[in-house]
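Asker: Show me the folded form of this:
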Amino acid sequence: MTLNLSQSAYHELIYESEQNQPTPDTSDGFDVTYQYPVRLGNGYTQYIDLRAGLDLHIANYQLYEELITKSSDREHQIEYTFELSGVKAGSYGFFGSGLAPGENLEYSPLQPVTWVSVHVEPELFCQWFGNMGELPANLQPLIRKSDQKYYERHGKTTPAMQMALQQLLGCPYQGNTKRVYLESKVWELMALQVDQFLEIQTVETTSKSLNAEDIERIHYASEILLTRLDQPPSLMELARMVGINDNKLKVGFKQVFETTVFGYLHDCRMERSRQMLAAGRLTVTEAAKAVGFANRGYFAASFRRKFGVNPGIYLNDKRQKLKNSV
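Answerer: As a prediction, the model looks like this:
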């Protein structure tokens, strides 16, 4: 069975029901937890008022049945939401201020849902990221009028974001120290979101200026990296070698190969080392050195992250298979 509710009715169930009185943290009056409505499921939603114009929401619940909420067009603050569990785990949404169009949102009862969401008033955002409250031109698309559709982006949570989220959820403090700590993590996550926004703006601007010759030079740069895995040139050196400025190389590389110059180099090193180990002629130390790793421990950790197995075990397995095939 599917339950259909308007967004206002859904929020009323969570925050205003007489059977769902909030439970304030006795040491933190700004931190209030609501039991999730028993009619809908089990769990909680937590509301933390960090300062005027800035609040943090944390939720952890599981529905009894499928739920669809329906919203109308509404004015929207700046917001970001990280999905920590459920069908959208590992993803985020980043939204500017302006008009949020009405929509239907579907929630599944199959898995527990955990998310962290932050809402920021545009005026406070401008104070933090602007100069005397005035946003620089490259951030102004995040602030729109109430009759203009807001900026919206969805993506995968990065390792830096995951670390900040873990620290936020594991806050070891109480009282005002807790509030200051949580606010620092909220702004850290916002800075990571803004950094991605600016990077995307730069990529979009640069991609428009990339011509066939630029793309050819970027491919030439990738070939140079492949021939110098053990001693790669710096970004500035590589740019000079192919005759392109370093910013265009960096942004263009991401457009052409969908990764950074370093990410491309790292992936090539890992794949080359895997091929060497698969041939069974080199030791782990020799393979690591051949692709530019001076530290065997760092190489082993990188290999495990990339291929899911320790390089020593991978090498022994390949040697055994080669021996059996003779």
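
Asker: tell me the contacts of Tyr150?
Answerer: Shown in contact with Tyr150 (C-beta atoms under 8 Å, 6 or more residues apart in numbering): His76, Phe95, Gly96, Ser97, Gly98, Leu99, Ala100, Arg144. Using the backbone N, CA and C atoms, a C-beta is placed for each residue, glycine as well.

Asker: Show the contacting residues for the residue positioned nearest the centre of the chain.
Answerer: The structure's the chain has its C-alpha centroid closest to Thr157; by C-alpha atoms, centre = their mean the separation is 2.2 Å. By C-beta under 8 Å, 6+ apart, the contact set of Thr157 is Phe82, Gly90, Ser91, Tyr92, Leu165.

Asker: ok, now with 6 Å
Answerer: Contact analysis of Thr157 by C-beta atoms under 6 Å, 6 or more residues apart in numbering lists Gly90, Tyr92.

Asker: Would you mind measuring from it to Phe94?
Answerer: 11 Å (C-beta to C-beta, to the nearest Å).

Asker: repeat for Ser184
Answerer: From Ser184 to Phe94 the distance is 19 Å (C-beta to C-beta).

Asker: the more surrounded of those two?
Answerer: In this view Ser184 and Phe94 are compared by other C-beta atoms under 10 Å, and Phe94 has more residues nearby, 22 against 14.

Asker: Could you confirm the more buried one falls within a strand?
Answerer: Yes: checked against DSSP: H, G, I helix; E, B strand; the rest coil, Phe94 lies within a strand.

Asker: Can you give me the neighbour number for the closest residue to Arg74 other than its chain neighbours?
Answerer: Once flanking residues are discounted, Arg74 sits nearest to Ala100: 5.2 Å by C-beta to C-beta, 6 or more residues apart in numbering. Using other C-beta under 10 Å, Ala100 has 20 neighbouring residues.

Asker: Now do the contacts for Ala100.
Answerer: Arg74, His76, Tyr150 are the contacts of Ala100 under C-beta under 6 Å, 6+ apart.

Asker: try Thr285
Answerer: Going by C-beta under 6 Å, 6+ apart, Thr285 touches Arg296.

Asker: Is my assumption valid that it occupies a position in a helix?
Answerer: Yes: assessed with three-state DSSP, Thr285 lies in a helix.

Asker: Quickly note the distance from it to Glu271.
Answerer: Distance, Thr285 to Glu271, by C-beta to C-beta: 18 Å.

Asker: before we move on, what about Tyr34?
Answerer: Distance of Tyr34 to Glu271, computed by C-beta to C-beta: 50 Å.

Asker: more crowded one of the two?
Answerer: A direct count of neighbours by other C-beta under 10 Å for Tyr34 and Glu271 places Tyr34 higher, at 20 against 14.

Asker: What does the more buried one show for phi and psi?
Answerer: phi -110, psi 130 (degrees, to the nearest 10).

Asker: quick one: it and Gly43 touch, right?
Answerer: No: assessed by C-beta atoms under 6 Å, Tyr34 is found out of contact with Gly43, at 9.9 Å.

Asker: For the stretch 1-150 of the chain, just list every one of the strands.
Answerer: Using DSSP state E, counting those that start in this stretch, the strands of the stretch 1-150 of the chain run over 2-6, 23-25, 28-35, 41-51, 54-63, 66-70, 74-76, 78-85, 91-95, 98-100, 104-107, 113-120.

Asker: between these, which gets nearest to Asp230?
Answerer: Asp230 sits nearest to strand 91-95 of all the strands of the stretch 1-150 of the chain, at 37.0 Å, using C-beta to C-beta.

Asker: Thank you, goodbye.
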